[in-house]
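*Asks:* What follows is a predicted structure for the sequence shown.
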Amino acid sequence: MGLLRTILIIVLVYYGIKVLSRIFAPFLFKYATKKAEEKFGGQFNNQRQDPPKKEGEISIDKMPRQKQSNKDVGDYVDFEEID
């Protein structure tokens, strides 16, 4: 009797989640698209608010990364194959 009850509970939970997802999925998608639109729109507005630059003027927005050398690795040993 316990096994049948457990299977019945699992099936009811599965169909309950299925029904609820059909009800709430459109609202979740609308919310997600609204948030994405706000994010992308904000990026677009930031680009538009920058002052226009004169022709030939160069600006660098980010600094290049410094190359990290790992000096603690050890010595490089060149080798030759011996036949």
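*Replies:* Arrived safely.
*Asks:* Going by C-alpha atoms from here, please, whenever you check contacts or count neighbours.
*Replies:* Noted.
*Asks:* From Ser21, how far out is the residue positioned nearest the centre of the chain?
*Replies:* Centroid-nearest residue in the chain, with CA atoms, centre = their mean: Ala36, separated by 12.4 Å. Going from Ala36 to Ser21 by CA to CA, to the nearest Å gives 21 Å.
*Asks:* again, but for Val11
*Replies:* In terms of CA to CA, Val11 sits 15 Å off from Ser21.
*Asks:* hmm, back to that, wait, what's in contact with the residue nearest to the centre of the chain?
*Replies:* Ala36 makes contact with no residue, according to CA atoms under 8 Å, 6 or more residues apart in numbering.
*Asks:* Kindly state the pLDDT recorded for it?
*Replies:* Ala36 carries a pLDDT score of 90 in this model.
*Asks:* Under the pLDDT cut-off, which ranges of the chain? List them.
*Replies:* 44-52, 68-74, 83 (pLDDT under 70).
*Asks:* Please enumerate the helices of it.
*Replies:* For the chain, the helices defined by DSSP state H occupy 2-49.
*Asks:* Based on its surroundings, how many neighbours for Tyr14?
*Replies:* 11 (other CA atoms under 10 Å).
*Asks:* got it, and Ser21?
*Replies:* Count around Ser21 with other CA under 10 Å applied: 13.
*Asks:* what's the spacing between it and Lys35?
*Replies:* 20 Å.
*Asks:* Then Leu12?
*Replies:* Relative to Lys35, and taking CA to CA, Leu12 is found at 33 Å.
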